[in-house]
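S.K.: I need the structure of the sequence given here:
(one chain, ligands or ions: 2)
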Amino acid sequence: GTPLLQVNHLSKHFLIGKSLLKRNRAQLNAVNDVSFTLQKGKTLGIVGESGCGKSTLGRCLLRLVEPSSGEVLIDGKDLTAMSAKTLTAMRKDIQIIFQDPYASLSPRMTIHDILREPLDTHHIGTVQEREEKIAQIMQEVGLRPQILTRYPHEFSGGQRQRIGIARALVLEPKLIIADEPVSALDVSVQAQVLNLISDLKNKRALSFVFIAHDLAVVQHICDEVAVMYLGHIVEQANSDELYRNPKHPYTQSLLSAIPVPNPHQPSQAIILTGDVPSPINPPSGCAFRTRCRFAQPICAQSLPQLTSKTETPDTHKIACHLVE
Ligand code: SF4
Ligand code: MG
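M.R.: Ligands and ions are numbered 1, 2, ... in the order given. Just a heads-up that it's a prediction; the model follows:
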């Protein structure tokens, strides 16, 4: 059937600098020709270091950032071609959970009003039904109803993120973009919030695009994972396959950094040397070549395309000249 989300050749370029003349301003290519599909009830992880474009990509999926080119189809309808009015109505179906729950929750609104506002905006049900939905979601995210009269600053980071999750879910969206939902939290709280998201995902058959900077975070929550580097998806596969058999040198180095629990099989960390190059002036050819152990002359000459290298097409795609 029609995928829930289909992204076709999505790019986002920013002009930066202060000059009034466009040609005097540098162009930052945050997202470069990204394509993927997500089926209903599935979770796609998007993983990469900071500055790889993953948050910009996430925001383009809701048009919180306007894509420069490409399509974002939700249930076959192109979001990028919608009028502002249609888009506002569609926003009910796509919600975002932000990295910093505090910055994204209005400090002057009570928890009740934070949860009530989206229901009012989208005219969901009667007043009584709105209150029932609020009570229901509070219970599902593990918050006591007594806190509804309180304000965001009265809560810890983990509790605030539960409130952020409740706000995203109260509209029963078709798709949730989770932008590093646990990276601002204490390590001890991260697992609790991840478990909550995982439980909600299973219970409500939710569909997620789950953005993270660390492959370990998304391992148990995602059905599929896409690895991003300097605005490009460099590898994409279902989770089991990606963690078992990473093929792109960048994915291999990210995975090698995850500690292996088995002491008889010590992990061989592949240390990446050098910083991520500036997206304003990226390397020619393969963007990863300045840090790649296997780089060859061809890597500087042409951009490797994300393609399936196996006999089973579409299940494992890699953008590397040397993987066959
Ligand atoms: Fe390394 Fe070349 Fe493959 Fe890029 S294309 S990952 S530089 S081997
Ligand atoms: Mg980010």
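
S.K.: need the contact list for Pro277.
M.R.: 230, 283, 287, 290 (Cβ atoms under 8 Å, 6 or more residues apart in numbering). To be clear about C-beta, it is placed using only N, CA and C from the backbone, and glycine gets the same treatment.

S.K.: again but with Asn29, I slipped
M.R.: Taking Cβ under 8 Å, 6+ apart as the test, what Asn29 contacts is 11-13, 231, 279, 282.

S.K.: look up phi and psi at it.
M.R.: With angles defined as degrees, to the nearest 10, Asn29 sits at phi -90, psi 90.

S.K.: in the stretch 201-324 of the chain, what residue spans correspond to strands?
M.R.: 208-212, 224-229, 232-238, 307-308, 316-318 (DSSP state E, counting those that start in this stretch).

S.K.: ranges for the helices of the protein?
M.R.: For the chain, the helices defined by DSSP state H cover 54-60, 84-90, 101-104, 111-121, 127-140, 157-169, 187-204, 215-218, 239-244, 249-256, 297-301.

S.K.: what does the fifth one rub up against?
M.R.: Surrounding helix 127-140, the residues in contact under the criterion Cβ under 8 Å, 6+ apart are 112, 115-116, 119-120, 124-125, 144-145, 148, 166, 169-170, 200, 203.

S.K.: farthest pair in the residues you listed?
M.R.: Distance extremes for the contacts of helix 127-140: the farthest pair is Asp120 and Lys203 at 25.6 Å, using Cβ to Cβ.

S.K.: in stretch 97-112, what's buried?
M.R.: 97-102, 104-105, 111-112 (16 or more other Cβ atoms under 10 Å).

S.K.: equivalent analysis for stretch 288-297, please.
M.R.: For stretch 288-297, using 16+ other Cβ under 10 Å, the buried residues are 288-292, 295.

S.K.: ok, the residues you listed vs Cys60, which is closest?
M.R.: For the buried residues of stretch 288-297, the nearest to Cys60 is Phe288 (22.2 Å; Cβ to Cβ).
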